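> Test case, fold it:
(one chain, ligands or ions: 1)
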Amino acid sequence: MARRFLIAGNWKMNGLIKDGCALASAVVERHKAVNNAVYDMLICPPFPLISSIVKICTDSGVLVGGQDCHMNENGAHTGDTSAIMLKDIGCRYVIVGHSERRTDHAETDSIVKAKAKAALASGLKVIICIGETLIERETGQTLTVNKRQLNGSLPSNITAENTIIAYEPVWAIGTGKVATPEQAQEVHAAIRAELAHIADADIANDMRILYGGSMKRGNASELLGQPDIDGGLIGGASLKPEDFFGIADVCHSIP
Ligand code: PGA
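Model (predicted):
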């Protein structure tokens, strides 16, 4: 099965209703003007904006997702949002295990796994993030760390359709320092090989693995041209439609 690119915007904690709606409308307009897009397009706004943005994106082909979810369906968890709540308001995807969640909220692999399990149980597709820190890369632990996070964060019922992996080297997120295409490809290939052990060869072959970390239109073509890179999880550059589509457009020139 040929893997279809996924271009995913992670807006993080940016945008009030007015800005978010204007951005989503611009994304929808741009997306509608693309003939036969070779990628799926997803935007992940902050929770308070999701309902309004789902309305804007309905029937446009632009999918909407959450940036996190709780591992339980409901209950006494002040400030949290469950996966079924996201599904209920029209989300199709949810990101779990982003390094900012792992750092800011002390999320461990087992927490990430429980969240991913809840996401799949709710019917959402899940984007599970992993990635090494600078010190881990500099001390030669890159592949070990990514394999450990992968093994610890994936629930047992993953399929190539319901799960996407995002490799996001922590040192490249929001820093302007991007992994070289060779660095990224090396980790993506190692992730795919590990997926064959964790799941099976078909799932490993068909599952999409996104790169995230300072992806911009200037570096997207080399990154997305790598054999095991199937799209991007894009932070800063997803906040401007011309930058976001600058990346998406690149997919059309990759053989
Ligand atoms: P960035 O963020 O593109 O701003 O580096 C990526 C991410 O954190 O998902």
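> and the residue of the chain at minimum distance from the ligand, how many residues sit next to it?
Shortest the chain-to-the ligand distance, computed as CB to the nearest ligand atom: residue-wise this is residue 235, at 2.3 Å. All C-beta spots, glycine's among them, are computed from the backbone N, C-alpha and C. The tally of other residues near residue 235 (other CB atoms under 10 Å) stands at 22.
> now the one 4 residues further on
Around residue 239 there are 18 other residues, counting by other CB under 10 Å.
> And residue 198, by the same measure?
Neighbourhood size, residue 198 [other CB under 10 Å]: 15.
> Retrieve the pLDDT associated with residue 1.
With respect to pLDDT, residue 1 scores 65.
> just the one 10 residues further on next, same as before
We have a pLDDT of 98 for residue 11.
> on that earlier part again, what residues are bridge-paired with the closest residue to the residue of the chain closest to the ligand other than its chain neighbours?
Distance criterion CB to CB, 6 or more residues apart in numbering; nearest residue to residue 235, sequence neighbours excluded, is residue 10 at 5.1 Å. Residue 10 has the following beta-bridge partners by DSSP bridges: residue 44.
> ok so, going back, quick one: contacts for the residue of the chain closest to the ligand?
With contact taken as CB atoms under 8 Å, 6 or more residues apart in numbering, residue 235 is in contact with 10-12, 173-174, 212.
> Apply the buried test to those and list what passes.
10-12, 173, 212 (16 or more other CB atoms under 10 Å).
> hmm, back to that, okay, the contacts of residue 235 in TSV with distance to residue 120 next?
Converted to TSV, those look like this (distance: CB to CB, whole Å):
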residue	distance to residue 120
10	20
11	23
12	23
173	25
174	28
212	21
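> What about the ligand: which of the residues you listed touch it?
Among those, proximity to the ligand is found for 10, 173-174, 212 (CB under 6 Å from any ligand atom).
> and this protein, which residues reach the ligand?
Residues of the chain lying near the ligand (CB under 6 Å from any ligand atom): 10, 168, 173-174, 212-215, 233-237.
> among these, which two are most distant?
168 and 237 (13.8 Å; CB to CB).
> Look at these two and report which has more neighbours.
residue 168 (27 against 21).
> hang on, that one packs against residue 213?
Yes. Under the criterion of CB atoms under 8 Å, residue 168 makes contact with residue 213 at 5.2 Å.
> shared neighbours, those two?
Common neighbours of residue 168 and residue 213 (CB under 8 Å, 6+ apart) are residue 131.
> By residue count, tell me the biggest helix in the chain.
Using DSSP state H to define each element, the chain has its longest helix at helix 181-198.
> can you pull out the helices in the stretch 51-200 of the chain?
With DSSP state H, counting those that start in this stretch as the criterion, the stretch 51-200 of the chain has helices at 83-88, 99-104, 109-122, 134-138, 142-153, 181-198.
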